[in-house]
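Visitor: Can you look at this prediction? I've put the sequence above it.
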Amino acid sequence: MGERRKVHFGIIGLGLMGREFASAIARWCHLLDNGPVPVLTGVCDTNPKMQTWFTDSFPGLPIVTSSYEDLLGSSQIDAIYCAVPHNLHEKIYCDVIRAGKHLMGEKPFGINRAANSAILATLAKNPGVFARCSSEFPYFPAVQKFISWIREGRFGRVMEVRAGFHHSSDMDVNKPINWKRVIDICGEYGCMGDLGIHTQHIPFRMGWIPKTVYASLSKIVTTRPDGKGGTAPCLTWDNATLSCAVDHADGYEFPMYLETKRMAPGMTNSWYIEVDGLNASAKFSTRDPKSFFYLLSGEKEQPWCRLDLGYTPAVPGITGSIFEFGFSDSILQMWAAFLLELEKGTPPVFGCFTPEETRLSHALLSAALDSHRNRSVEMVRA
Ligand SMILES: NC(=O)c1ccc[n+]([C@@H]2O[C@H](COP(=O)([O-])OP(=O)(O)OC[C@H]3O[C@@H](n4cnc5c(N)ncnc54)[C@H](O)[C@@H]3O)[C@@H](O)[C@H]2O)c1
């Protein structure tokens, strides 16, 4: 193996997701490919307390700052991972792109459609910048198997697709409010902006683009403790079900249901996808993270088969194939996909969510808001 290219990263936003990437960098030796290697070179958070875990975990980190311009102005840094609240996406992503740094952004890639358009317009003016949006669940081995079944046409005529993402921590009505429940910071999309891209990544990449949408949106808990002894309004959508019509490339239409719920009893980060086809059907849920469930049609009786997959990801790693794969492995795989695509120009494995796909996502979510407001079926116009 020759000298591997190093990509020097800065992280802006050192919360939940910023730490996940840093941890993935720290165990890059886990992977056995010969793609580029990320090097953590700078971190930024306006809250200095958030910097401590990074300075403790990465002694000698060259740049530690509360001003992201310090990362953008540094010739030591090639790429940025930006994991900040949604109201900051437009300004910071555009600044990153204009600084000529590659970008892994976070969902929803702009707080609303106007912000997303501004980010995409800035990208169009800076074609040398490689940008993608984070979405890790397709990298579970059982989901990779699922994707290969779709690509091989094994389902036959697609009858129905269901994908979703369910959380339950908001079922605790005494849980204090945070920025993800505040419209000015999280955005009008609410749970759809937080969780929607996770449900859309595989359908969009497979060419299953919603043509129309009917949205059922719920605001269930309208006030929450403010964490200071009082209460605060909680005005974001808690739950959303999008009923979509999709034109299949083979010339027929099928229904697709995309659910994003912050209030789904008992669910903890439960992401799922299910496809019903005329020849075969399949389902996957992170509740059963090693299992690819499938059913082959044609018999009088229709048993579901369960295929358990061990650690067999797209980018090979040191873990034995009989062992289990988990959330932090999916983050590592997503980052390997990002770096391999940055290096090779095309994704040698299932590629990360693209800026054009974020445009589709915003078209869908904007139409969903209109649908709920007007109690109408809306066209999705990208
Ligand atoms: N891919 C996923 O699975 C996943 C999961 C959770 C969140 N997210 C996304 O990641 C992003 C961040 O979410 P999170 O859960 O990590 O949030 P978080 O609240 O845990 O972290 C955000 C951090 O950004 C910092 N910050 C705020 N303004 C800043 C600024 N101007 N400069 C630098 N830092 C600033 C905050 O101090 C905070 O530490 C959001 O877009 C969210 O939708 C993705």
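Guide: Thanks, I have it.
Visitor: Pull the contacting residues for residue 340.
Guide: Contacts for residue 340 were tallied using CB atoms under 8 Å, 6 or more residues apart in numbering; they are 33, 35-36, 315, 347-349. Backbone N, C-alpha and C define where each C-beta goes, glycine included.
Visitor: can you do 6 Å?
Guide: By CB atoms under 6 Å, 6 or more residues apart in numbering, the residues touching residue 340 are 35, 348.
Visitor: did I read that right, it in a helix?
Guide: Yes. The assignment for residue 340 (DSSP: H, G, I helix; E, B strand; the rest coil) places it in a helix.
Visitor: per-residue pLDDT, it?
Guide: According to the prediction, residue 340 has pLDDT 97.
Visitor: Next one: residue 301 relative to the ligand, how far apart?
Guide: As defined by CB to the nearest ligand atom, to the nearest Å, residue 301 lies at a distance of 39 Å from the ligand.
Visitor: what's the neighbour count on that residue?
Guide: For residue 301, the count of nearby residues is 4 (other CB atoms under 10 Å).
Visitor: try residue 129
Guide: Neighbour tally, residue 129, other CB under 10 Å: 18.
Visitor: mind listing what it touches?
Guide: Residue 129 makes contacts with 97, 102, as judged by CB under 6 Å, 6+ apart.
Visitor: One more: residue 253?
Guide: Residue 253 sits next to 245, 247 when contact means CB under 6 Å, 6+ apart.
Visitor: beta partners for it?
Guide: Using DSSP bridges, the bridge partners assigned to residue 253 are residue 247.
Visitor: per-residue pLDDT, it?
Guide: We have a pLDDT of 98 for residue 253.
Visitor: and what of residue 151?
Guide: pLDDT recorded at residue 151 is 98.
Visitor: Now for the residue nearest to it when sequence neighbours are not counted, how many residues are close by?
Guide: Residue nearest to residue 151 in three dimensions, not counting chain neighbours: residue 206, with 7.7 Å by CB to CB, 6 or more residues apart in numbering. Residue 206 has 17 neighbouring residues, counting by other CB under 10 Å.
Visitor: Tell me who's in contact with residue 308.
Guide: So residue 308 contacts 290-291 (CB under 6 Å, 6+ apart).
Visitor: so how far is the ligand from it?
Guide: To the ligand, residue 308 is 24 Å away according to CB to the nearest ligand atom.
Visitor: dump the residue contacts of the residue lying closest to residue 363 once chain neighbours are set aside.
Guide: Excluding its sequence neighbours, the residue lying closest to residue 363 (CB to CB, 6+ apart) is residue 382, at 4.3 Å. The contact partners of residue 382, taken as CB under 6 Å, 6+ apart, are 359-360, 363.
Visitor: Pick the one among those residues closest to residue 136.
Guide: residue 360 (19.0 Å; CB to CB).
Visitor: Look at that closest one and tell me its secondary structure.
Guide: helix.
Visitor: what's the neighbour count on it?
Guide: Residue 360 has 19 neighbouring residues, counting by other CB under 10 Å.
Visitor: got it, and residue 336?
Guide: Per other CB under 10 Å, the neighbour tally for residue 336 reads 26.
Visitor: Might one say that it is in contact with residue 315?
Guide: Yes. Counting by CB atoms under 6 Å, residue 315 is a contact partner of residue 336 at 4.1 Å.
Visitor: list residues touching both of these two?
Guide: Counting by CB under 6 Å, 6+ apart, the residues touching both residue 336 and residue 315 are residue 31.
Visitor: still on that earlier bit, format the contacts of residue 382 as a markdown table; extra columns: pLDDT and distance to residue 104.
Guide: As requested, the contacts of residue 382 are exported to a markdown table (pLDDT from 0 to 100; distance: CB to CB, whole Å):
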| residue | pLDDT | distance to residue 104 |
| --- | --- | --- |
| 359 | 98 | 17 |
| 360 | 98 | 19 |
| 363 | 98 | 22 |
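Visitor: Okay, strands next: where are they in the stretch 1-150 of the chain?
Guide: Using DSSP state E, counting those that start in this stretch, the strands of the stretch 1-150 of the chain run over 6-12, 37-44, 63-65, 79-82, 102-105, 131-133.
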